[in-house]
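Asker: pasted the sequence and its predicted model underneath.
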Amino acid sequence: MAEKEGGIVNKGHEEGLKLAISLLEEFGLPLGLLPLANVVEVGYVKSTGYMWIVQEKNVEHEFKMISKLVSYDSEIYGYVEKTKIKKLKGVKAKELMLWPPVSEISLDDPPTGKIHFKSLAGITKTFPVEAFAAGQ
């Protein structure tokens with residue numbers, strides 16, 4: 001894929017997780033935003049902000065503070081920038097009986113303690129950032 005050209009690639013769970021966490025930190029995103037399991041590789045292209053994550057299988061995670069179940073596909077990708085992930089693919093949040101794809105995640109800048117999840121249908125849900133802290 002052309003998007004991956006010139007990218008840093010970390011293979012394996014521990015190294016992949018290190019890169020994913022360092023990217024979340026660098027761009028001011030909550031460290032628990034991507035609860036990953038059995039990571040195959042994580043990659044990042046600095047010039048474009050394109051980031052991808054490959055894990056062995058889909059992962060479902062419940063963010064208990066907000067009672068929200070989120071599904072992460074085996075391949076997740078998007079463009080990361082300060083306080084934001086755009087054109088996100090591979091993440092769905094359960095709404096009633098539906099799993100609408102999440103297309104963008106953003107935090108307010110300057111920070112307000114809120115994080116916003118926008119679906120392809122244009123619906124935005126807002127939650128407290130601390131719900132996505134590591135270990136939640």
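Answerer: Sure, I can see it.

Asker: buried ones in the longest strand along the chain?
Answerer: When the chain is parsed with DSSP state E, its longest strand is strand 68-81. Neighbour-count burial for strand 68-81 flags 68, 70-73, 76-80 (criterion: 16 or more other Cβ atoms under 10 Å). For glycine as for every other residue, the C-beta is placed from the backbone atoms N, C-alpha and C.

Asker: now the residue nearest in space to the middle of the chain, nearest residue through space, not along the chain?
Answerer: Nearest to the mean C-alpha position of the chain, by Cα atoms, centre = their mean, lies residue 34 at 4.8 Å. In this structure, residue 34 finds its nearest non-sequential neighbour in residue 20, 5.8 Å apart by Cβ to Cβ, 6 or more residues apart in numbering.

Asker: just checking, the one you found touches residue 53?
Answerer: Yes: with contact defined as Cβ atoms under 8 Å, residue 20 counts as touching residue 53 (6.2 Å).

Asker: these two - which one has more neighbours?
Answerer: More neighbours surround residue 53 than the other of residue 20 and residue 53, with 25 against 22 (other Cβ atoms under 10 Å).

Asker: enumerate every residue touching residue 70.
Answerer: 60-63, 91-94 (Cβ atoms under 8 Å, 6 or more residues apart in numbering).

Asker: and residue 8, by the same measure?
Answerer: 19, 43-46.

Asker: over to residue 39?
Answerer: Here residue 39 is in contact with 12-13, 16-17, 20, 53-56 (Cβ under 8 Å, 6+ apart).

Asker: surely residue 42 meets residue 10?
Answerer: Yes: if you go by Cβ under 8 Å, residue 42 and residue 10 touch, sitting 5.2 Å apart.
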